[in-house]
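In: structural data only, the sequence is not supplied:
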């Protein structure tokens, strides 16, 4: 009885499966973010003392209690909570890198999250990143899972926008 061929086939399939799945779950860059992307803060954004995030949905800031996780939403984050309130003033903030990922099993439930992150430069501190996500249930793929440029504009309204250095320079 020949088992060498079957054993080799099984080992090969296991290796292919492991490497294929590993790449599927690994974070990747946000595809619509240009290399010279800029997060443009268009209005002053206040972070109350002791907070690290301001949430946005349907074109403006919302409280954590008003937030609907089953719809696209974003959180503008500072790097740590401060004892005093912080205001992020209008202006461009250069993005150093982006990350798109999908996770499953968040919070111990069968929730799948689709997250797009935009990290700003160190000189923008205390501003740290813009996180945008959507939660889904049921294990099925949602065609609107990762936010699109139009979806991002709808979530952020006239408070924030994703643009490029070239677009900002063309306006000036």
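Out: Looks like it arrived, so ask away. Quick caveat: nothing in here was measured; it's all calculated off a predicted structure.

In: bridged to the closest residue to residue 91 other than its chain neighbours, which residues?
Out: Once flanking residues are discounted, residue 91 sits nearest to residue 41: 5.8 Å by Cβ to Cβ, 6 or more residues apart in numbering. Heads up, the C-betas are built off the backbone N, CA and C, glycines and all. Beta bridges link residue 41 to residue 91, residue 160, judged by DSSP bridges.

In: part of a strand, is residue 151?
Out: No - going by DSSP: H, G, I helix; E, B strand; the rest coil, the assignment for residue 151 is helix, not a strand.

In: that one reaches residue 72, doesn't it?
Out: Yes - counting by Cβ atoms under 8 Å, residue 72 is a contact partner of residue 151 at 5.3 Å.

In: those two - which one has more neighbours?
Out: A count of neighbours by other Cβ atoms under 10 Å puts residue 72 above the other of residue 151 and residue 72, at 24 against 17.

In: phi first, then psi, for that one.
Out: With angles defined as degrees, to the nearest 10, residue 72 sits at phi -60, psi 140.

In: quick one: low-confidence residue ranges for this protein.
Out: Within the chain, the segments meeting pLDDT under 70 span 1-25, 105-109, 138-144.

In: could you give the bridge partners of the spatially most central residue of it?
Out: The centre of the chain sits closest to residue 116, judged by Cα atoms, centre = their mean, with a distance of 2.2 Å. Residue 116 has these beta-bridge partners by DSSP bridges: residue 100, residue 132.

In: how about it, what does it touch?
Out: Each residue near residue 116 by Cβ atoms under 8 Å, 6 or more residues apart in numbering is listed here: 30, 98-100, 131-133, 146-147.

In: spell out the secondary structure type for the residue lying closest to residue 146 once chain neighbours are set aside.
Out: Nearest non-adjacent residue to residue 146, counting by Cβ to Cβ, 6+ apart: residue 114, 5.0 Å away. Recorded secondary structure, residue 114: strand (three-state DSSP).

In: residues near residue 114, how many?
Out: 20.

In: what does residue 82 give?
Out: 15.

In: I'd say it and residue 126 touch.
Out: Yes - counting by Cβ under 8 Å, residue 82 touches residue 126, with 6.9 Å between them.

In: could you look up the SS state of residue 166?
Out: Following three-state DSSP, the label given to residue 166 is helix.

In: so where do the strands sit in the chain?
Out: With DSSP state E as the criterion, the chain has strands at 37-41, 45-47, 53-57, 60-62, 73-78, 86-88, 91-104, 112-120, 127-136, 160-164.

In: relative to residue 170, which of those is closest?
Out: Ranking the strands of the chain by proximity to residue 170 (Cβ to Cβ) places strand 160-164 first, at 9.2 Å.
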